[in-house]
Structures are given as C-alpha cells and as structure tokens.
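# Got a predicted structure plus its sequence, pasted below:
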Amino acid sequence: MSANFLVLGELALNVKIGKVMQKSPWQPFRWQVLEMCPADMPLTQGNEEFVQTVKAEVYQDQLQGYFLNLDTETPYIFFCVRYPEDNKSLMPSVFEATLSYDEAARWMDSNEEVQTLPLPAPVASWLAELVQAKYQPEPKQRRRPQSFVKPGERG
C-alpha cells in the first residue's frame, strides 16, 4: 500500500554540491551544499562540483515540523548528505531533502549529516499557506506543579 494520500505537495530541485576550502591543517576542505533551484532550471557546475535532482515531499503528518521551520527567523530546506563508503574525502550525494524541522532533527539524531540552505521566499509562502490551511497546533495544557501532587502520583 502506498502512502501517497499523505503527500500534500512536492518540490523537484537541482542541488549543487561543491568543495569548500578551509584553513585547517587537519581538514583542508569540506563538501557543502552550495545552491539550489527548481529542477526545470539548469545549474552550472564547475570543477569539484556536482549537480543532482532531489525531490522534497510535503506530508500531512509532518505539518508540525513545517510550522516549526516557518516559525524561525530564517526558514531552511534541509538536506541529508551521505558519503560513499563513509569517506568524507569523496564527493557526497544528497540522499533526501525536507522542509520539516522535525524530520531534520530525526536525521541528526541518527548521526546523518544535515546541511541547510535558506528557503526561497516563494517556497516559504507556498508552505505557509499550506500549513495555515491544514495545521491546527494543539493547545498547551498547564501542568500542575509537582509540589502539589502526592509523592506516589508524581511522574
């Protein structure tokens, strides 16, 4: 059974990864997601750069994560980056992309490398409209201070 009924929308993106030099004797360079654009627009690539197409899907069950991302000063798109044979000197690829703060946090909790780029304004407004139409934050419930709860019932 497919979970397509949970998909509210998707973005196809061209993503450029390139080598960024560093002033470090231990790590002279790192691989970084440099830029992105819609998949129907070309990105030029130079030496030590690679462009790949990635899909970022928007799911019904991730609305809270999108809301949290949009609620920050600068919303981001998150990229899960993986290296061949876990060798950070080899060029990585973008394994997955998301607009969800929660999903990116889960990736980081499982020791995946997550890189970000600021979310373009048109994408942010599209996502904001979608979240506003579909998401209702749960009302916060006041918890009774533990000092007023019997010792045997404290959790």
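Everything's here; your move. Computed from a predicted model, the values in this text were never measured in an experiment. Numbering: from 1, shown residues only.
# Do you have the helices of this structure handy? List them.
Using DSSP state H, the helices of the chain run over 63-70, 101-109, 121-134.
# Let me have those helices in TSV, adding distance to Val7 and mean neighbour count as columns.
(Each C-beta comes from the backbone N, C-alpha and C, glycine too.) Shown next, in TSV, are these (distance: least, Cβ to Cβ, whole Å; neighbours: other Cβ atoms under 10 Å):
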stretch	distance to Val7	mean neighbour count
helix 63-70	12	20
helix 101-109	14	17
helix 121-134	12	14
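# which stretch among the ones you listed comes nearest Ile17?
helix 101-109 (16.7 Å; Cβ to Cβ).
# what does the closest one contact?
Counting contacts by Cβ atoms under 8 Å, 6 or more residues apart in numbering, the residues outside helix 101-109 that touch it are 62, 64-66, 68-69, 72, 78, 80, 96, 98, 114, 116.
# Please save the CA atoms from that helix in CSV.
Taking C-alpha atoms only, helix 101-109 is exported to CSV below (Å, rounded to 0.1, in the frame of the first residue of the first chain):
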residue,chain,number,x,y,z
TYR,A,101,12.3,20.8,11.2
ASP,A,102,11.2,17.5,13.0
GLU,A,103,12.4,15.2,10.2
ALA,A,104,15.8,17.0,10.0
ALA,A,105,16.1,16.6,13.8
ARG,A,106,15.5,12.9,13.5
TRP,A,107,18.2,12.6,10.8
MET,A,108,20.7,14.4,13.1
ASP,A,109,19.7,12.1,16.0
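# between it and helix 63-70, how big is the angle?
Relative orientation of helix 101-109 versus helix 63-70 (axes from the mean of the first three to the mean of the last three Cα atoms, to 10 degrees): 90 degrees.
# Might you calculate how far helix 101-109 sits from the centre of the chain?
In terms of Cα atoms, centre = their mean, to the nearest Å, the gap separating the centre of helix 101-109 from the centre of its chain is 8 Å.
# go on, stretch 139-155?
What separates the centre of stretch 139-155 from the centre of its chain is 35 Å, taken as Cα atoms, centre = their mean.
# any idea of the mean pLDDT for that stretch?
Averaged across stretch 139-155, the pLDDT comes to 72.
# I'd like the helices of the chain as TSV, with distance to Glu10 appended.
Formatted as TSV, the helices of the chain follow (distance: least, Cβ to Cβ, whole Å):
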stretch	distance to Glu10
helix 63-70	13
helix 101-109	14
helix 121-134	11
